[in-house]
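# Quick one, structure for this:
(2 chains)
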2 protein chains.
Amino acid sequence: MAGGVAGPAALRPLLETVLTALAAGAERRGGPLAAGDPKALAAEVGHAVHAPQASLATLTELLAHGAADPADPACAAHLHCPPLAVAVAADLAAGALNSSLDSWDQAPAATVLETELLAELAALVGYQPQQAAGVLTSGGTESNLLGLLLARDRALRTPHSRPELDGVDLARRPRIYASRAAHFSVQRAAALLGLGERAVVPVAVDADQRLDPAALAAALAAGERDGETPVAVVATAGTTDTGAVDPLRRCAQLAAAHGSWLHVDAAYGGGALLSDRLAPLLDGLALADSVALDWHKFGWQPVAAGVFLVREAESYASLARRAAYLNPLDDEQAGYPSLLGRSLRTTRRADAFKLLVTLRTLGRAGLGALVDRCRELALAAAELVRARPELELHREPLLTTVLFRARPPAGAPAGRLDADRAGPDRCETDGLVSDRFNAELRRRLLAEGRAVLGRTELPAPVPGVTPGSVRLKLTLLNPHTTEADLARLLDTVVATARELGRA
Amino acid sequence: MAGGVAGPAALRPLLETVLTALAAGAERRGGPLAAGDPKALAAEVGHAVHAPQASLATLTELLAHGAADPADPACAAHLHCPPLAVAVAADLAAGALNSSLDSWDQAPAATVLETELLAELAALVGYQPQQAAGVLTSGGTESNLLGLLLARDRALRTPHSRPELDGVDLARRPRIYASRAAHFSVQRAAALLGLGERAVVPVAVDADQRLDPAALAAALAAGERDGETPVAVVATAGTTDTGAVDPLRRCAQLAAAHGSWLHVDAAYGGGALLSDRLAPLLDGLALADSVALDWHKFGWQPVAAGVFLVREAESYASLARRAAYLNPLDDEQAGYPSLLGRSLRTTRRADAFKLLVTLRTLGRAGLGALVDRCRELALAAAELVRARPELELHREPLLTTVLFRARPPAGAPAGRLDADRAGPDRCETDGLVSDRFNAELRRRLLAEGRAVLGRTELPAPVPGVTPGSVRLKLTLLNPHTTEADLARLLDTVVATARELGRA
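This next block holds a predicted model:
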């Protein structure tokens, strides 16, 4: 067992086994990911899993060999950060002790540590820590769900009613307003909450994918005219693809004017709060009723390190829960605190611990320097893209993502992007040639183990440029990456594009 | 950074810091938890968190000192297991590599490993692994939510409709049937899903807290008569308090007869599948449409290690999701698999890895021996309770929990159990004296750092015994505990009860 006085001694040789196997797997991988197509990897892994000698050592080596490792500068596809060693080490303590935050008597110290951390984060957001409340979550998707759940229950609440008892009243035509560039978890939450995805009203964005406040104002006014219930406005501080930050202060004014909850999805952009230089981008965040932060994105934590905060602790009313075996009233009256009503989960690991240790080890300033460095890398990457005629930059980076594409060489094969797209008549447009070329380019980089690039689709055609919506994406979250690494990576992209053009 | 070729060397000294601090904290704690009241602990922790020297070492020592450590035999309150060292070590690999299961290119090997593990667990449940599907979850609460979500969407689906688009149709009066002893997460899921807690129809239980199939049949028939929609029957395999297993086969027949989904919450009892001796208790499990398992309860994993399984992969239809940046169709057509539509989350840690390593290291037989040992401990504890006249056993254990209470000594002070209970006229009943005495006894054991016992309330008075619903609970999940440890623990309970009686 890992706990108790004897646990550390039992763990020590096993951890050494893991470290040795991690190093061996990384060595054998020799790059951002192993070359080979997914079927070959599946066969190799499937075989190893069923081998009689499968063990901690062999399986760890396999996991490391078959990883896409964000610590490699050529692995830069997603909001998938390389975790700090100190955070991973702190997470080991959480695992060995197995504290669970659903009752005090499973986590006496961890209960206090989480509460202290949340107060610090509330202050970082600009909330009054004594009035705010929150919880660690599995990530932005869960945080967005929590925000929309509390918003739903507030919108459906009549004084003295208990919204958790009754189903959603669709006769009140609940609506959620979010930009077209908001994360798909907003639609997913609406479906989960029983409102249906159609309850989400998509609001237009500008060319940088920022929510257009005039469009929001018009949508809210139209809803009011039609007798709809504005459950929530969701603003995004850092969209997944471009890092766009919606006009938060304006969103807050509009939400307040219509009696709507404002939830800000700062799962990505929340990292900017760590940097004196970038924090002003999030002006107005403190006006939000609830906020999603996510330190496994732009905070160098191992998953999970999501955070959900509300400005007013009372907003949590509909999640309050008494369970005879977890938080009897007389225990609470005797001074035993309970965090059960803060979370959608029951059992809950002490994910706050690694984040608190990281903050104490690096400080906000230390983390802010990493944030600034990643932003510099994004600007440098954009410059490097511009300098390569084979590549086309989408726009100047806003946070740490860079969207671009390779120009298909003359004579690149036309053809459908996928089997579901329109027939051969549409295949010969420049747009589909470009889309198909870039999609194949990304897969070739993966299959040859050269790079892990992101790939996305722009929500609308960009005026004045060749058609085609597919773009490649660099998400730069590794502060150890150098400008030379970026140049090498983009040279690899250009060289692979040439090979593909010749094929 | 923890990843890459250099990561293991960066981690090594930090892990040593953690191990040293864990041992020092456990040493200073010197028992199941630190003595002291929660306010004193909060002050100590609050002070240490803000100390200028706060670091990985000091905070880890603090977390260990202030833990309720399930590796101590006197910490036996909850379904909160001591994790195996090998599982904690494997979890370190998941953290260092930071694979995320929401796209293949963040987790090539981990995607295959999770799929392999789920196929093995599907076979363990009795499903056809080729037809089944599932996902790792944060625990039983999330798994129960997933089961009820899929059930809700199936019940509201008309052919060709996409239930995620539309809100819940409460005009069809959706109902969920679950026993009175089912976990409160069933009600919570109903609220979250927009059905409201009142959609859950509580079904009567027998004296062992097993669902009464005649009562279920009657409830379903009444619902059908009244034009209600039977969304789901939830059966429990191992209730939190008594380990009761509902009659699964009978539940499956009744659910099928009414066209209802059957979800089985085997978060606790699923551990019995590892033991040849106990597996027959779960007869009929393979007939369920979906199952919740939870290996951080009765499987010695660090949190989180929840598992959700469906018998038919197609059941997942309403969760399917295409995101341009995660799983574009042409990537899937090119052979890149996506698990995005399996989970309510987006970012998702490789929690499958530690469980797979554990299965390979101990084997089902090795884990089964631990299960059997914990069951023996429960039977032994019941015997030891019976042998102490100051204690009263509730009933013979069904899995590994033991409910009992201390008999209040003559002259124990009357008084309200808590400030919200009925007035002074009810305070003098024997029941409330007993309830208050046992509640205070548990808190005294906590405050003096002697033991962490569970405490619950029986759903209904037990005929033929002194009134009072509060019971103490031992949840025995530590296979290293000995009968001598249990005798010592119960002697401590008796001695503390005597002190309290004298006070």
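# For the rest of this, base every contact and every neighbour count on C-alpha atoms.
OK.
# On the three-state scheme, A:Asn144 is what?
Following DSSP: H, G, I helix; E, B strand; the rest coil, the label given to A:Asn144 is helix.
# now check stretch A:366-378, is it near chain B?
No - using CA under 8 Å from any CA of the partner chain, we find that stretch A:366-378 stays clear of chain B, coming within 12.1 Å at best.
# hey, C-alpha coordinates of that stretch in CSV?
Presented in CSV, the C-alpha positions along stretch A:366-378 are these (Å, rounded to 0.1, in the frame of the first residue of the first chain):
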residue,chain,number,x,y,z
GLY,A,366,7.4,32.8,-12.1
LEU,A,367,4.4,31.4,-13.8
GLY,A,368,3.7,34.7,-15.5
ALA,A,369,7.2,34.6,-17.0
LEU,A,370,6.3,31.2,-18.6
VAL,A,371,3.1,32.7,-19.9
ASP,A,372,4.9,35.6,-21.5
ARG,A,373,7.5,33.3,-23.0
CYS,A,374,4.9,31.2,-24.7
ARG,A,375,3.3,34.3,-26.1
GLU,A,376,6.7,35.5,-27.5
LEU,A,377,7.0,32.1,-29.1
ALA,A,378,3.7,32.5,-30.8
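# Give me the distance from that stretch to the chain's centre.
Taking CA atoms, centre = their mean, to the nearest Å, the mean C-alpha location of stretch A:366-378 is offset from the chain mean by 18 Å.
# Which residues does it contact?
Stretch A:366-378 has contacts (CA atoms under 8 Å, 6 or more residues apart in numbering or on different chains) with A:271-278, A:298-299, A:359, A:397, A:399-402, A:476-479, A:481-483.
# now those: which count as buried?
For those, a neighbour count by 16 or more other CA atoms under 10 Å in any protein chain shown gives the buried set as A:271-275, A:278, A:298-299, A:359, A:397, A:399-402, A:476-479, A:481.
# Okay, helices next: where are they in chain A?
Here chain A has its helices, by DSSP state H, at A:7-29, A:38-50, A:56-65, A:85-97, A:108-125, A:140-155, A:185-192, A:213-225, A:248-257, A:329-333, A:352-386, A:430-447, A:483-502.
# possible to save these as JSON lines with distance to B:Asp69 and mean pLDDT?
Converted to JSON lines, those look like this (distance: least, CA to CA, whole Å; pLDDT from 0 to 100):
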{"stretch": "helix A:7-29", "distance to B:Asp69": "11", "mean pLDDT": "98"}
{"stretch": "helix A:38-50", "distance to B:Asp69": "32", "mean pLDDT": "94"}
{"stretch": "helix A:56-65", "distance to B:Asp69": "25", "mean pLDDT": "98"}
{"stretch": "helix A:85-97", "distance to B:Asp69": "6", "mean pLDDT": "98"}
{"stretch": "helix A:108-125", "distance to B:Asp69": "10", "mean pLDDT": "98"}
{"stretch": "helix A:140-155", "distance to B:Asp69": "28", "mean pLDDT": "97"}
{"stretch": "helix A:185-192", "distance to B:Asp69": "36", "mean pLDDT": "98"}
{"stretch": "helix A:213-225", "distance to B:Asp69": "51", "mean pLDDT": "98"}
{"stretch": "helix A:248-257", "distance to B:Asp69": "44", "mean pLDDT": "98"}
{"stretch": "helix A:329-333", "distance to B:Asp69": "20", "mean pLDDT": "93"}
{"stretch": "helix A:352-386", "distance to B:Asp69": "16", "mean pLDDT": "98"}
{"stretch": "helix A:430-447", "distance to B:Asp69": "44", "mean pLDDT": "93"}
{"stretch": "helix A:483-502", "distance to B:Asp69": "46", "mean pLDDT": "97"}
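# of all the residues in the stretch 351-500 of chain A, which ones are close to chain B?
Counting by CA under 8 Å from any CA, the stretch 351-500 of chain A sits next to chain B at A:357, A:360-361, A:417-419, A:439, A:443, A:452, A:454-457.
# just those now: which is nearest A:His65?
Using CA to CA, A:Val452 comes nearest to A:His65 of these, at 14.7 Å.
# where does that closest one land on pLDDT?
As predicted, A:Val452 sits at a pLDDT of 98.
# residues contacting the nearest residue to it once chain neighbours are set aside?
Among residues not flanking A:Val452 along the chain, A:Cys75 sits closest, at 4.6 Å (CA to CA, 6 or more residues apart in numbering or on different chains). A:Cys75 makes contact with A:32-33, A:68-69, A:451-453, according to CA under 8 Å, 6+ apart.
# Swap in 7 Å and give it another go.
Residues in contact with A:Cys75 (CA atoms under 7 Å, 6 or more residues apart in numbering or on different chains) are A:32, A:68-69, A:451-453.
# Which pLDDT value belongs to A:Ala410?
81.
# What is the neighbour count of A:Leu170?
Applying other CA atoms under 10 Å in any protein chain shown, we find 20 residues neighbouring A:Leu170.
# can you tell me how far it sits from chain B?
Distance, A:Leu170 to chain B, using CA to the nearest CA, to the nearest Å: 7 Å.
# how many other residues sit next to the residue lying closest to A:Arg210 once chain neighbours are set aside?
Nearest non-adjacent residue to A:Arg210, counting by CA to CA, 6+ apart: A:Asp246, 4.9 Å away. Other residues near A:Asp246 come to 29 when the count uses other CA under 10 Å.
# mind listing what A:Asp246 touches?
By CA under 7 Å, 6+ apart, the contact set of A:Asp246 is A:210-211, A:235-237.
# which of those residues are buried?
Applying 16+ other CA under 10 Å to the contacts of A:Asp246 flags A:210-211, A:235-237 as buried.
# Which of the residues you listed sits closest to B:Val168?
A:Ala235 (25.4 Å).
# Surely the closest one touches A:Ala266?
No - counting by CA atoms under 7 Å, A:Ala266 is not a contact partner of A:Ala235; they are 8.5 Å apart.
# re the thing from before, what about the buried ones among the contacts of stretch A:366-378, which are in strands?
Those of these mapping onto strands are A:401-402, per DSSP state E.
# Between which two of the contacts of A:Asp246 is the distance greatest?
The most widely separated members of the contacts of A:Asp246, counting by CA to CA, are A:Leu211 and A:Ala237 (10.3 Å).
# before we move on, back to that, most neighbours per residue, which of the helices of chain A?
Comparing the helices of chain A by mean neighbour count (mean count of other CA atoms under 10 Å in any protein chain shown), helix A:85-97 ranks first with a mean of 28.
# Quick check: which helices or strands does it pack against?
When contacts are defined as 3 or more CA pairs under 7 Å, 6 or more residues apart in numbering or on different chains; DSSP states H and E, helix A:85-97 packs onto helix A:352-386, helix B:7-29, helix B:56-65, helix B:85-97.
# CA atoms only: put that helix into CSV for me.
Extracted as CSV, the C-alpha positions of helix A:85-97 are listed here (Å, rounded to 0.1, in the frame of the first residue of the first chain):
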residue,chain,number,x,y,z
ALA,A,85,8.0,18.2,-12.7
VAL,A,86,7.1,19.8,-9.3
ALA,A,87,3.4,19.6,-10.1
VAL,A,88,3.7,15.9,-11.1
ALA,A,89,5.6,15.2,-7.9
ALA,A,90,2.9,17.0,-5.8
ASP,A,91,0.3,14.9,-7.6
LEU,A,92,2.0,11.8,-6.4
ALA,A,93,1.3,12.8,-2.8
ALA,A,94,-2.3,13.3,-3.6
GLY,A,95,-2.4,9.8,-5.1
ALA,A,96,-0.6,8.1,-2.3
LEU,A,97,-2.7,9.5,0.4
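# Can you name the residues in contact with the lengthiest strand in chain A?
Scanning chain A for the longest strand, with DSSP E as the assignment, gives strand A:229-236. Applying CA under 7 Å, 6+ apart, the contact partners of strand A:229-236 are A:148, A:151-152, A:155, A:172-178, A:182, A:245-246, A:248, A:251, A:255, A:260-266.
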